[in-house]
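[1] missing the sequence, but the structure's below:
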């Protein structure tokens, strides 16, 4: 045997599994098609949000949370409807994960050096009903260091284990086949790729220079999802979300290619819930891209007005920061919108300064560096938009700025093949909205949401501007943002039991095979069901990697 356990994929879930294994004295071979610069995978680029329930940070902000409320939110969002089959283990994983988030998770991440900022966010409020999608209270805890801060302890652990002789890195090794002997997975075969010292995230060469084979008592698949391959996204695009877009931008590096899912299925693992996926509707093209088609998601506050490609205000629940997949479904299933792959935010300078955040470690240098003083100075007391947001406003291909609405609409029409927007029509809708801000109450659901958001101290301080007229000249200039569909997460995947063992067609574990992270739908083949609660993707990598590492360590002892 070359190792006790082979882990395919050096992203967050794979690194967590490696940490659990090596801390128990097991020898690990960590195999990844990328080079050492990409340790940590996709999680490195994330905003670093973690879903926690009844945390000390919530309690300091007077947020009343509980396991019961969180579990109610999860079930209402997931809407598990295949409980006798594809959702059987997913629902069990969901319950176990919420228990983890309400219990041990906070102390577990703290013990590993992951520290949290004091302000809890509310990245997505969801639908407008108590029994609908979304978090009822803020649960989005951002780590100091953003995604880099979540990944760093496990990268450090892997390197220490390598120094101790317990872990061996196999960079630039692409797995092409799982070795199966007598029904059990006993290793991997694949191609050695040419050395390519490209920076983190940049697409690397696929030139093959040789072949390899490794053997072990168990293999853990931690290879991620399909978001980097638009053809795969379109292949599994569900009918309930309408027609797949002709044009999308990419929220993950090119190595998130989905190859290992088919390879793992060929070894006997069952793939479930392939029609469940999570893509954002607030994507903008990166003016300084790292990977092909690189897009960035805007995490909006509640005040921008959202219009479809034809200039009509989106309906309730399709509000900025509310319900991602409901908005995606509306934009893709409304008959006269099917031919358009974009929508629009209209806002002003006062809104962008306080309400726009950009997802990604590189877009939040103050949080990523861990500079507490810079965060307070720039996010609570700073004047103007954060520097990365201002850079997008100045250089981004999807941003236009103007002093008047008519000039703004002319520039917005300049970003499409033909003019689709009517300035008079937008003015009528914006002025009707502006009439609603004079009182602390309103019939407008979006204005109600702004008032509700400002009742929470965290949002009042840093994420929600005081209600005001969008057309107020003192709040200008006006800003239009063309929004694209941004590929991101796979919600289905390899079906696993609560020990992260991959299951076969008959529901029995495939001997020697485990799956974690996005490859396993973050656990069970689809722990989120149809809708994810924000902050649960990184946490799913942590939890499933932990489960697999512990179970595999016991199995190979």
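    Perfect, I can see it now. Predicted, not measured: the structure shown is a model, and the values here were computed from it. Residues are numbered from 1 along each chain as shown.

[2] helices and strands around the helix or strand bottoming out on mean pLDDT in the chain, which ones?
    Every helix and strand in the chain was compared by mean pLDDT, DSSP states H and E; the lowest is helix 372-375, with a mean of 83. Based on contacts counted as 3 or more Cβ pairs under 8 Å, 6 or more residues apart in numbering; DSSP states H and E, the elements that helix 372-375 packs against are helix 365-369. C-beta: built from backbone N, CA, C; applies to glycine.

[3] chain center to the helix it packs on: distance?
    Put simply, helix 365-369 sits 19 Å off its chain's centre (Cα atoms, centre = their mean, to the nearest Å).

[4] do stretch 104-111 as well
    Per Cα atoms, centre = their mean, the centroid offset for stretch 104-111 relative to its chain is 21 Å.

[5] and what of stretch 513-531?
    Relative to its parent chain, stretch 513-531 has a centroid offset of 14 Å by Cα atoms, centre = their mean.

[6] same thing with stretch 486-497?
    Between the mean C-alpha point of stretch 486-497 and the mean C-alpha point of its chain there is a distance of 11 Å (Cα atoms, centre = their mean).

[7] how long is that stretch end to end?
    Taking Cα to Cα, to the nearest Å, stretch 486-497 runs 31 Å from one end to the other.

[8] Please identify the buried residues of that stretch?
    Neighbour-count burial for stretch 486-497, with 16 or more other Cβ atoms under 10 Å as criterion, is recorded at 486, 487, 488, 489, 490, 491, 492, 493, 494, 495, 496, 497.

[9] quick one: contacts for residue 403?
    Neighbouring residues of residue 403 by Cβ atoms under 8 Å, 6 or more residues apart in numbering: 476, 477, 478.

[10] re the thing from before, and the buried residues of stretch 486-497, which two are furthest apart?
    Checking the buried residues of stretch 486-497 against each other with Cβ to Cβ, the farthest-apart pair comes out as 486 and 497, at 32.4 Å.

[11] ok, back up a step: go through the contacts of residue 403 and say which is closest to residue 341.
    Nearest to residue 341 among those is residue 478, at 23.7 Å by Cβ to Cβ.

[12] Cross the contacts of residue 403 against strands and list the overlap.
    Using DSSP state E, residue 478 are the members of the contacts of residue 403 that sit in strands.

[13] Name the member of the contacts of residue 403 with the most neighbours.
    residue 478 (23 neighbours; other Cβ atoms under 10 Å).

[14] hang on, residue 321 packs against residue 124?
    Yes - under the criterion of Cβ atoms under 8 Å, residue 321 is in contact with residue 124, at a separation of 6.1 Å.

[15] Name the residue in those two with the higher neighbour count.
    Neighbour count, other Cβ under 10 Å: between residue 321 and residue 124, residue 321 has more, with 26 against 22.

[16] Please report how far the more buried one lies from residue 76.
    Taking Cβ to Cβ, to the nearest Å as the measure, residue 321 and residue 76 are separated by 18 Å.

[17] and if you look at residue 234?
    With the distance defined as Cβ to Cβ, residue 234 ends up 29 Å from residue 76.

[18] In terms of neighbours, single out the busier of the two.
    More neighbours surround residue 76 than the other of residue 234 and residue 76, with 20 against 13 (other Cβ under 10 Å).

[19] The more buried one in helix, strand or coil?
    helix (DSSP: H, G, I helix; E, B strand; the rest coil).

[20] Quick one: the buried residues of stretch 486-497 as JSON lines, columns for secondary structure and pLDDT too.
    Converted to JSON lines, the buried residues of stretch 486-497 look like this (DSSP: H, G, I helix; E, B strand; the rest coil; pLDDT from 0 to 100):
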{"residue": "486", "secondary structure": "strand", "pLDDT": "98"}
{"residue": "487", "secondary structure": "strand", "pLDDT": "98"}
{"residue": "488", "secondary structure": "strand", "pLDDT": "95"}
{"residue": "489", "secondary structure": "strand", "pLDDT": "95"}
{"residue": "490", "secondary structure": "strand", "pLDDT": "94"}
{"residue": "491", "secondary structure": "coil", "pLDDT": "97"}
{"residue": "492", "secondary structure": "coil", "pLDDT": "98"}
{"residue": "493", "secondary structure": "strand", "pLDDT": "98"}
{"residue": "494", "secondary structure": "strand", "pLDDT": "98"}
{"residue": "495", "secondary structure": "coil", "pLDDT": "98"}
{"residue": "496", "secondary structure": "strand", "pLDDT": "98"}
{"residue": "497", "secondary structure": "coil", "pLDDT": "98"}
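
[21] Residue 192 sits in which helix or strand?
    strand 184-193 (DSSP states H and E).

[22] Now do that strand, average pLDDT.
    What strand 184-193 shows for mean pLDDT is 98.

[23] Given that strand, what are its sheet partners and their directions?
    If you go by DSSP bridges, strand 184-193 pairs up with strand 173-181 (antiparallel), strand 208-221 (antiparallel).

[24] Highest mean neighbour count out of these?
    strand 208-221 (a mean of 20; mean count of other Cβ atoms under 10 Å).

[25] And the next helix or strand past that one?
    Using DSSP H and E, the helix or strand that follows strand 208-221 towards the C-terminus is helix 230-235.

[26] picking that back up, what lies in contact with the least confident helix or strand of the chain?
    Residues from elsewhere that reach helix 372-375, judged by Cβ under 8 Å, 6+ apart: 117, 366, 367.

[27] Residue 118 in helix, strand or coil?
    Note that with three-state DSSP, the state of residue 118 is strand.

[28] Pull the contacting residues for it.
    57, 60.
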